[in-house]
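**Q** For reference, the sequence and a predicted model appear below.
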Amino acid sequence: MSSLTSFSSTATLPIVPRGKFAVAAAIAKPTASNPSPPQPTTLLPLRKIPGDYGPPLLGPLRDRFAYFYTEGRDAYLRSRSNRHRSTVLRLNVPPGPPIAADPRVIALLDAASFPVLFDTDLVEKKDLFTGTFMPSVSLTGGYRTLSYLDPSEPNHAPLKKLLFHLLSSRHQHVIPEFRRTSAVMFDTLEAGISAKGSADFSAASDKAAFDFLCRSLLGTDPADTELGPDGPKIIMKWILFQLGPIMTLGLPNLVEDLLLHSVRLPPALVRKDYDRLAGFFRRAAGPVLDEAGRIGVSREEAVHNLVFSVCFNAFGGMNILLPSLVKWVGRAGARLHGRLAEEVRSVARSAGGGGLSMRSLESMPLVKSAVYECLRVEPPVPLQFGRAKRDFVLSSHDARYEVRAGELLFGYQPFATKDARVFGRAEEFVADRFVGEEGGRLLRHVVWSNGPETQAATVSNKQCAGKDFVVLVARMLLAELFLRYDSFDIEVGTSALGSSVKLTSLKRASF
Ligand code: HEM
């Protein structure tokens, strides 16, 4: 889908004050289940993209400070959008020079313009996975891994096919291994709460996520190998070397900016760790590596792609998503917990054996909706980029804008998926938002996977290869949680990649 075919709406404006360009003027506020109807974009006025980049060097440096420190990411984007009265505008994004020579982008800050990033006819995704800079390929065995490839490149399709093969060939192991791993995780968390009054869910879920991924996808328990318990620690360090230029760690601002955002951390400092990780995959992933040979991917390229997909895409994504899910559901409180527990237990009981299966998870509308709502309200990967392949016109809710070939588009997903012209009570976590037919119609605006939730990942698009796997894992976490417990309490802090969540109580199932 491209924004050339996207919709306009009739509701109050979330970011753009009403004025000259608010042609689709406000007449009705959408409700949680009633998005505004589409209107033809050709009626919209053509507008020059507003915004500016400031003076060379000084502009990007000033903006980097505003983005990370003086304003913060959301306020940085919102204040500029408000100033220019537009959800499509020009601005700088970090890190800027010297790490990224050119920080200039066209920002897309609404649900109407954002989907242009999924249109691979209009935008190229080559080397844009991390934005305006690309980490050294020596961090990935010398290979540009799949996430950095545009679908037009010859290796994209075979590498994605290999991942589809991995996920489908191991699918019968996913639920049993998740149940096994999560049982151990919850036992440990309960023991932690009894001993100390609270237990770190984020740390426990990191360990559980890595064990689960290796057992379910590779059939190997890392504890039985040379890697031992070190996987999660190594991966987090390796991710820091890749994402440092766009991360904050809470160090004093100037120190952090010099250390992370002004220079690249030398890959040599993480090489030994990475080699251990790659060695583990080389030994554990035999059958997938054999399949790689059959579809024309070299064994070594397959090894480094598996490391990247399992450790960066999957582990990194789950490191953000699982605490986020527990945070939002935890904050929603005991009433929602009771409804979830009732749904999960009644489905599990009628399925027999108290067990969970693909089918029983499909019959839990509230669990499914709560997962989608979490992915909407806090998309785990918030930034997406694409470079215009040719000149074209894109549309926001209010205007059309000419984009030139070669310009870099930057979509900020949290503003797209919390666009009040699509979602009522857009900033709130509404657990049952996606229940029922009307709720289901909203799913096309849930785009955490770099594409609509109603669309499948294929070898010719850039949608997350693990889309269905991720949704399944998130549903399983909620189902396991509410099979075991009636309710729970949390404390929330921040971490380098997302939220840090502590459990302060877990109330055992009473019915
Ligand atoms: C919570 C977990 C996950 C999240 C939030 C997530 C999110 C994403 C996003 C946003 C993209 C698109 C990035 C872009 O191009 O801008 C992506 C791509 C990708 N993801 Fe995931 N992902 C997750 C888990 C997984 C898993 C489990 C796998 C496979 C085992 C996977 C494999 C991939 C691959 C291979 C791509 C690149 C697809 C392509 O080049 O066509 N991801 N993911």
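**A** Now that the structure is in, tell me what you want to look at.

**Q** burial count for Cys309?
**A** Check again: residue 309 is Ser, not Cys. Counted by other Cβ atoms under 10 Å, the residues lying close to Ser309 total 24. In this view, the C-beta of every residue, glycine as well, is placed from N, C-alpha and C.

**Q** can you tell me how far it sits from the ligand?
**A** Ser309 sits 4 Å away from the ligand, taking Cβ to the nearest ligand atom, to the nearest Å as the criterion.

**Q** Which of the three states applies to that residue?
**A** Three-state call for Ser309 (DSSP: H, G, I helix; E, B strand; the rest coil): helix.

**Q** For the nearest residue to it once chain neighbours are set aside, list the residues it contacts.
**A** Once flanking residues are discounted, Ser309 sits nearest to Leu163: 5.7 Å by Cβ to Cβ, 6 or more residues apart in numbering. By Cβ atoms under 8 Å, 6 or more residues apart in numbering, the contact set of Leu163 is 146, 305, 309, 465-466.

**Q** secondary structure element for Leu163?
**A** helix 156-169 (DSSP states H and E).

**Q** helices and strands around the helix or strand just after that helix, which ones?
**A** Counting by DSSP H and E, the element after helix 156-169 in chain order, helix or strand, is helix 171-196. Judged by 3 or more Cβ pairs under 8 Å, 6 or more residues apart in numbering; DSSP states H and E, helix 171-196 is in contact with strand 199-200, helix 201-213, helix 467-484, strand 499-508.

**Q** Next, the angle from the third one to helix 171-196.
**A** Relative orientation of helix 467-484 with respect to helix 171-196: 40 degrees, computed using axes from the mean of the first three to the mean of the last three Cα atoms, to 10 degrees.

**Q** how about helix 467-484 against the ligand, any contact?
**A** Yes. Counting by Cβ under 6 Å from any ligand atom, contacts between helix 467-484 and the ligand involve 469-470.

**Q** Name the residues of that helix that are buried.
**A** 467, 469-484 (16 or more other Cβ atoms under 10 Å).

**Q** How far does the helix or strand following it sit from its chain's centre?
**A** Sequence-wise, the next helix or strand downstream of helix 467-484 (DSSP H and E) is strand 485-494. Strand 485-494 has its C-alpha centroid displaced from the chain centroid by 22 Å (Cα atoms, centre = their mean, to the nearest Å).

**Q** Can you give the strand pairings for strand 485-494, parallel or anti for each?
**A** Using DSSP bridges, strand 485-494 pairs in its sheet with strand 499-508 (antiparallel).

**Q** could you pull out the strands for the protein?
**A** Assigned by DSSP state E, the chain shows strands spanning 88-92, 104-108, 123-124, 199-200, 383-388, 392-395, 400-403, 408-412, 485-494, 499-508.

**Q** so which of these comes closest to the ligand?
**A** strand 383-388 (4.3 Å; Cβ to the nearest ligand atom).

**Q** what's the average pLDDT for the closest one?
**A** Model confidence over strand 383-388, given as mean pLDDT, is 98.

**Q** Could you list every helix and strand in contact with it?
**A** For strand 383-388, the elements it packs on are strand 123-124, strand 408-412, judged by 3+ Cβ pairs under 8 Å, 6+ apart.

**Q** partners of the nearest residue to Leu189 once chain neighbours are set aside in the sheet?
**A** Distances taken as Cβ to Cβ, 6+ apart place Ala199 nearest to Leu189, at 4.4 Å, with adjacent residues excluded. Beta-bridge partners recorded for Ala199 (DSSP bridges): Leu503.

**Q** Closest residue of the stretch 401-511 of the chain to the ligand?
**A** For the stretch 401-511 of the chain, Cβ to the nearest ligand atom, closest residue to the ligand: Gly466, 2.3 Å.

**Q** Might one say that that residue is in contact with Arg170?
**A** No. Counting by Cβ atoms under 8 Å, Gly466 stays clear of Arg170, with 12.0 Å between them.

**Q** Those two - which one has more neighbours?
**A** For Gly466 and Arg170, the more surrounded residue by other Cβ under 10 Å is Gly466, and the numbers stand at 23 against 18.

**Q** Quick check: closest non-adjacent residue to that one.
**A** Leaving out its chain neighbours, the residue that sits closest to Gly466 by Cβ to Cβ, 6+ apart is Ala314, at 5.8 Å.

**Q** Ok, Ala457 next?
**A** The spatially closest residue to Ala457, leaving aside those adjacent along the chain, is Gln463, at 4.0 Å (Cβ to Cβ, 6+ apart).

**Q** Quick check: pLDDT value at that neighbour.
**A** For Gln463, the pLDDT comes out at 98.

**Q** Likewise for the one 3 residues further on?
**A** Note for Gly466: predicted pLDDT of 98.

**Q** Could you do Pro37 as well?
**A** In this model, Pro37 is scored at 50, pLDDT.

**Q** Please apply the same query to Gly352.
**A** For Gly352, pLDDT reads 73.

**Q** Use 891 as the first number from now on
**A** Will do, 891 is the new start, and the previous item becomes Gly1242.

**Q** Phe1372 and Gly1228 touch, don't they?
**A** No. Contact criterion Cβ under 8 Å: Phe1372 and Gly1228 do not qualify, at 9.2 Å.

**Q** Show the contacting residues for Met1254.
**A** Counting by Cβ under 8 Å, 6+ apart, the residues that Met1254 touches are 1233-1234, 1237, 1365, 1369.

**Q** Next: Asn982.
**A** Contacts for Asn982 (Cβ under 8 Å, 6+ apart) come out as 943-944, 949-950, 953-954, 993-995.

**Q** from those residues, which single one is nearest the ligand?
**A** Of all the contacts of Asn982, the ligand sits closest to Val995, with 13.6 Å by Cβ to the nearest ligand atom.

**Q** Surely that closest one is in contact with Val978?
**A** No. Look at Val995 against Val978 with Cβ under 8 Å: they stay out of range, at 11.0 Å.

**Q** Show me which of those two is the more surrounded one.
**A** Val978 (31 against 22).

**Q** Contact partners for the more buried one?
**A** The neighbours of Val978, taking Cβ under 8 Å, 6+ apart as the test, are 939, 996-1000, 1003, 1284, 1286, 1289, 1291.

**Q** what's the neighbour count on Asp1379?
**A** Look at Asp1379: counted by other Cβ under 10 Å, it has 15 neighbours.

**Q** Quick check, pLDDT for it.
**A** Predicted confidence (pLDDT) for Asp1379: 98.

**Q** How about Ile917?
**A** Residue-level pLDDT assigned to Ile917 equals 29.

**Q** what's the nearest residue to Ala1192 if we skip its chain neighbours?
**A** Nearest residue to Ala1192 in three dimensions, chain neighbours excluded: Ala1182, at 3.5 Å (Cβ to Cβ, 6+ apart).

**Q** So what's the predicted local confidence for that neighbour?
**A** For Ala1182, the pLDDT comes out at 98.

**Q** Against Ala1175, how distant is it?
**A** 9 Å (Cβ to Cβ, to the nearest Å).

**Q** that older thread, got a quick PyMOL command for the buried subset of the contacts of Val978?
**A** Paste this into PyMOL to select the buried members of the contacts of Val978, with burial taken from 16+ other Cβ under 10 Å:
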select buried, resi 939+996+997+998+999+1000+1003+1284+1286+1289+1291
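
**Q** got TSV for the contacts of Val978, with distance to the ligand too?
**A** Putting the contacts of Val978 into TSV (distance: Cβ to the nearest ligand atom, whole Å) gives the following:
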residue	distance to the ligand
Ile939	21
Ile996	16
Ala997	15
Leu998	13
Leu999	16
Asp1000	18
Ser1003	16
Leu1284	17
Ser1286	20
Ala1289	25
Tyr1291	21
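
**Q** No more questions from me, cheers.
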